[in-house]
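1. Take this sequence and fold it.
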Amino acid sequence: MSVSAEGADAKQSLIELTYLRMRNTQDGMTQRTNDFLSKAYLPALQKGGVGPIGAFGSMIGEGSPFTLLVTQFPDAAAWEGAGRKLGEDKDLAKASETYYGGPLQFVRME
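-> Presented below is the predicted three-dimensional model:
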């Protein structure tokens, strides 16, 4: 076996997978969570220099509904710094207060 020169020079990064497990509820748990993610959380991550970011969901099937977030960081220091930057984001803090102050947001986060 041989390794190509391209493979040897590949830049490493840290990829985080976050599953938000939800239920189909009358108060719209899935819609509220996806609205919060798309309008507040993901833009805050992007302002903090995180990317690329992917968000995927499923409404039908085993383990559904869920939303899967895929975030990429250049290294562990950037991953750690992103959490600090999120804590300092005033727009995210305001949206989080509304989101977490209402009905149950999700059943489990993995």
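2. need the contact list for G54.
-> By C-beta atoms under 8 Å, 6 or more residues apart in numbering, the residues touching G54 are 68-71. Heads up, the C-betas are built off the backbone N, CA and C, glycines and all.
3. If you could redo that for L17, that was the one I meant.
-> Shown in contact with L17 (C-beta under 8 Å, 6+ apart): 68-70.
4. Next step: those restricted to strands.
-> Counting by DSSP state E, the contacts of L17 place 68-70 in strands.
5. picking that back up, pLDDT and distance to I15 added to the contacts of G54, as CSV?
-> Formatted as CSV, the contacts of G54 follow (pLDDT from 0 to 100; distance: C-beta to C-beta, whole Å):
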residue, pLDDT, distance to I15
L68, 94, 12
L69, 94, 11
V70, 95, 7
T71, 93, 7
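6. Generate a ChimeraX selection restricted to the buried entries among these.
-> Here is the ChimeraX command that selects only those of the contacts of G54 that count as buried (16 or more other C-beta atoms under 10 Å):
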select :69,71
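7. Redo the contacts of G54 as CSV? Include distance to P103.
-> CSV is the format used below for the contacts of G54 (distance: C-beta to C-beta, whole Å):
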residue, distance to P103
L68, 22
L69, 21
V70, 26
T71, 26
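8. now, among the contacts of G54, which is nearest to K39?
-> Here the nearest of those to K39, counting by C-beta to C-beta, is L69; it sits at 14.4 Å.
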